[in-house]
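**Q** sharing a model prediction with you, sequence too.
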Amino acid sequence: MTLFLEQLLNGLQYGVMLFLLAAGLTLIFGIMGIINLTHGSIYMIGAYAGTYVANLTGSFYLGFPAALAAAGLTGVAVEFLVVRRLYQRDHLDQVLATFARRSMRRRPRSLTGRSKSCRACSIRSIGWRSSASGSWWLSASM
């Protein structure tokens with residue numbers, strides 16, 4: 001019975017997440033009149049830049065503004081170079097152009113030319129550990 005209840009709640013959570021995703025895309029498409037599928041890759045570029053700067057300087061507080069700046073500059077560049085040309089075109093052209101733009105950013109490490117992975121990306125195992133007192137905590141080994 002517990003498994004059934006867990007699966008029911010997981011299904012409900014997944015359904016609500018899909019609804020929120022569809023509602024957000026519908027709102028953006030309805031208000032702006034354009035379908036833009038590059039949001040995930042823009043977030044990824046910002047996260048990579050933030051991680052890179054944080055590892056380079058050793059400070060999260062310098063990496064966070066770098067992530068915001070990289071994501072913002074990438075978004076502005078995508079707007080000027082790709083999306084502006086698509087406002088008067090067919091919706092299929094918008095989907096194809098923004099999907100192709102998203103696919104070009106699959107390997108963010110190629111932006112810097114370094115193949116060495118960063119310390120934050122080299123987590124070998126994540127698991128739950130227990131202490132002698134019976135409490136559990138999440139631990140990661142690098």
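**A** Sure, I can see it.

**Q** next one: the residue nearest to Ile35 when sequence neighbours are not counted from Arg85, what distance?
**A** The shortest distance from Ile35 to any non-neighbouring residue, by C-beta to C-beta, 6 or more residues apart in numbering, is to Gln94 (4.6 Å). Any C-beta I mention is one placed from the backbone N, CA and C, and that applies to glycine too. Distance, Gln94 to Arg85, by C-beta to C-beta, to the nearest Å: 10 Å.

**Q** same check on Leu27?
**A** 23 Å.

**Q** could you do Gly63 as well?
**A** Separation of Gly63 from Arg85 (C-beta to C-beta): 33 Å.

**Q** thinking again about what came up before, compare neighbour counts for Gln94 and Arg85 and give me the winner.
**A** Gln94 (21 against 12; other C-beta atoms under 10 Å).

**Q** helix or strand for that one, which one?
**A** helix 91-103 (DSSP states H and E).

**Q** what comes up buried for stretch 63-71?
**A** Gly63, Ala66, Ala67, Ala70, Ala71 (16 or more other C-beta atoms under 10 Å).
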